[in-house]
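Q: my questions concern the predicted model and sequence given below.
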Amino acid sequence: ACGGAETKVDDAPTTGYVIDGYIDNAFVFRDANDNGVFDSGEVNTLTDNTGFYSLGGDSTKQIIVDGTKSSAIDIASGNAFTGVLTAPIGSSIITPITTLVQHLIDDGLTQSAAEAAVKTGLGISANADLSTDPIADSQTGLYSAGVNVATLITAAGGGANGVIASEALAMSLKSATTMIDLTDVDVVSSILSTTNIADTETVALVVSDQ
């Protein structure tokens, strides 16, 4: 048999939205080598001022949003967005909530089990569709939960620290049987106590105030 170069996969573009509020100018890339960070040559784009993106590449690979690589802005608040977000493969809507789901999938849960755990732990309706736009669909409970998670990510410092914070929250949700109260400073501090994030009490105060 003859050898040959690996064929580059370039499926039809995936289109969707990046949402805390809608996030403008967010850096979106396809993680071709599955290492969780952007590498030179990986397909990438920026969202427009409605949070919309269109991204080519291999549709079996994860899409990741990295707010540290562009001047991303949450148009609902007008604040800079420096978090890292993702979603299960095949998703087009990327939010702080889909990011928690993906953390739990990475930890070994099925997507359905991960979604159920996130809904229970954040008090989201069991009927909520996490793969849809919570703003356009007027899913206020889902949207509010996403804002709280985004606040945790950004208060922790965004970037790598934001990932650590969202992973810590996801692990807490995995074992939760009732809603975790993110308005309780002690609860948030306890979640972050397993991390190396500095000044977790200040982060907890910001999240609880939200």
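A: Received the coordinates, thanks.
Q: give the buried residues for stretch 10-30.
A: Neighbour-count burial for stretch 10-30 flags 14, 16-30 (criterion: 16 or more other CB atoms under 10 Å). (Glycine included, C-beta is placed from N, CA and C.)
Q: looking at these, spot the one nearest residue 179.
A: Nearest to residue 179 among the buried residues of stretch 10-30 is residue 20, at 20.7 Å by CB to CB.
Q: tell me who's in contact with the closest one.
A: Residue 20 is in contact with 74, 76, 81, 83, 95, 96, 146, 147, 150, counting by CB atoms under 8 Å, 6 or more residues apart in numbering.
Q: circling back: tell me which two in the buried residues of stretch 10-30 are the farthest apart.
A: Every pair of the buried residues of stretch 10-30 checked by CB to CB; the farthest is 21 and 30, at 24.0 Å.
Q: which stretches of this protein have low pLDDT?
A: Along the chain, segments meeting pLDDT under 70 span 1-9.
Q: which stretches in this structure count as strands?
A: In the chain, the strands defined using DSSP state E lie at 14-18, 23-24, 27-30, 44-46, 52-55, 63-66, 73-74, 79-80, 84-86, 93-94.
Q: and residue 124, which of these is closest to it?
A: Smallest distance to residue 124 across those (CB to CB): 14.5 Å, for strand 93-94.
Q: now the two most distant members of the contacts of residue 20.
A: Checking these with CB to CB, the most distant pair is 76 and 83, at 14.1 Å.
Q: looking at the two, which is more packed in?
A: residue 83 (31 against 16; other CB atoms under 10 Å).
Q: that one reaches residue 67, doesn't it?
A: Yes. Look at residue 83 against residue 67 with CB atoms under 8 Å: they come within range, at 5.1 Å.
Q: intersection of neighbour lists for those two?
A: Common contacts of residue 83 and residue 67 (CB under 8 Å, 6+ apart): 158, 159.
Q: hmm, back to that, kindly reformat the contacts of residue 20 as a markdown table containing distance to residue 191.
A: Shown next, in a markdown table, are the contacts of residue 20 (distance: CB to CB, whole Å):
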| residue | distance to residue 191 |
| --- | --- |
| 74 | 23 |
| 76 | 25 |
| 81 | 21 |
| 83 | 16 |
| 95 | 19 |
| 96 | 15 |
| 146 | 17 |
| 147 | 17 |
| 150 | 15 |
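Q: gap between residue 29 and residue 121?
A: 29 Å (CB to CB, to the nearest Å).
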